[in-house]
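Chemist: Got a predicted model here, sequence first, then my questions.
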Amino acid sequence: NAGVTQTPKFQVLKTGQSMTLQCAQDMNHEYMSWYRQDPGMGLRLIHYSVGAGITDQGEVPNGYNVSRSTTEDFPLRLLSAAPSQTSVYFCASRPLSGTDTQYFGPGTRLTVL
Amino acid sequence: AQSVTQLGSHVSVSEGALVLLRCNYSSSVPPYLFWYVQYPNQGLQLLLKYTSAATLVKGINGFEAEFKKSETSFHLTKPSAHMSDAAEYFCAVSGGTGFQKLVFGTGTRLLVSP
């Protein structure tokens, strides 16, 4: 049982480049989400999904796209990277119930030059 | 809307001293409250959670938290700090009917000195 996995662990992009951060979970969780973590700002929700084919915006969605074609995978796409997107990105998953524990991946540290 | 306020971005204690990390919440519905810990260069892991059962919740690594509705607080405590407790701690809230998102505080970094 691998839990929540993320790739890559580190990435450096130039302004304007695009890339996809991968996230997968093997716990059959309906809910998956992406956060970004910036110093002094805690974790801010980018996008989330409550099941395959269903996605919605979080607090800071601009510049990011997501899709959910399977229960297991929830990739995050940066369409045209900007320096403001330099951050640490975490993927998380849990069952739909609000009382259930949310499990986090190890994170992707992204630098945009 | 729900929100969480964590007082103090940094808290310093000596090894063996009491740890107290403060969390106040705002919620228009009965809340579910969580404390997560993040060790350096790692993801977040659950320390403990309150889901409307006992108001005093015990978690891993000797931590506990008490839900106080009258004070809208959910402070995290540990009687005796250990060097390995040095990490960043996040309080989070969810609640209400239907699907509930988890809203995080800005975090408190705990520093433990020998």
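Modeler: Okay, I see it.

Chemist: Surely B:Pro79 touches B:Leu18?
Modeler: Yes. Using CB atoms under 8 Å, B:Pro79 makes contact with B:Leu18 at a distance of 6.1 Å. Just so you know, the C-beta spots here come from the backbone N, C-alpha and C atoms, and that holds for glycine as well.

Chemist: Can you pull the residues of chain B lying near chain A?
Modeler: B:9, B:32, B:34, B:36, B:41-46, B:49, B:51, B:90, B:94-96, B:99-102, B:104-107 (CB under 8 Å from any CB of the partner chain).

Chemist: just checking, what packs against the strand ranked longest in chain A?
Modeler: Using DSSP state E, we find that the single longest strand of chain A is strand A:42-51. The contact analysis (3 or more CB pairs under 8 Å, 6 or more residues apart in numbering or on different chains; DSSP states H and E) places strand A:42-51 against strand A:31-38, strand A:54-57, strand A:64-66, strand B:103-104.

Chemist: And the third one, what's buried?
Modeler: Of the residues in strand A:64-66, those with enough neighbours to count as buried (16 or more other CB atoms under 10 Å in any protein chain shown) are A:Tyr64, A:Val66.

Chemist: Given it, what are its sheet partners and their directions?
Modeler: For strand A:64-66, sheet partners with direction are given as strand A:76-78 (antiparallel), following DSSP bridges.

Chemist: who's in contact with the residue nearest to the spatial centre of chain B?
Modeler: By CA atoms, centre = their mean, chain B has its centre lying nearest to B:Trp35, at 3.4 Å. The contact partners of B:Trp35, by CB atoms under 8 Å, 6 or more residues apart in numbering or on different chains, come to B:21, B:23, B:46-49, B:59, B:63, B:65, B:74, B:76, B:89-92.

Chemist: make it 6 Å
Modeler: By CB atoms under 6 Å, 6 or more residues apart in numbering or on different chains, B:Trp35 lies in contact with B:Leu47, B:Leu48, B:Ala65, B:Leu76, B:Cys91.

Chemist: How about it, nearest residue that isn't a chain neighbour?
Modeler: B:Leu47 (4.3 Å; CB to CB, 6 or more residues apart in numbering or on different chains).

Chemist: Distance-wise, check that neighbour relative to A:Thr70.
Modeler: Going from B:Leu47 to A:Thr70 by CB to CB, to the nearest Å gives 31 Å.

Chemist: Look at the two and report which has more neighbours.
Modeler: B:Leu47 (23 against 10; other CB atoms under 10 Å in any protein chain shown).

Chemist: Now that one. Its backbone dihedrals?
Modeler: phi -90, psi -50 (degrees, to the nearest 10).

Chemist: My understanding was that it contacts B:Phe63; is that so?
Modeler: Yes. With contact defined as CB atoms under 6 Å, B:Leu47 counts as touching B:Phe63 (5.3 Å).

Chemist: For residue 91, give me the pLDDT.
Modeler: Since you didn't name a chain, this refers to chain A. pLDDT, A:Cys91: 96.

Chemist: was after chain B, sorry
Modeler: At B:Cys91, pLDDT is 96.

Chemist: Ok, B:Ala1 next?
Modeler: pLDDT, read off for B:Ala1, is 77.
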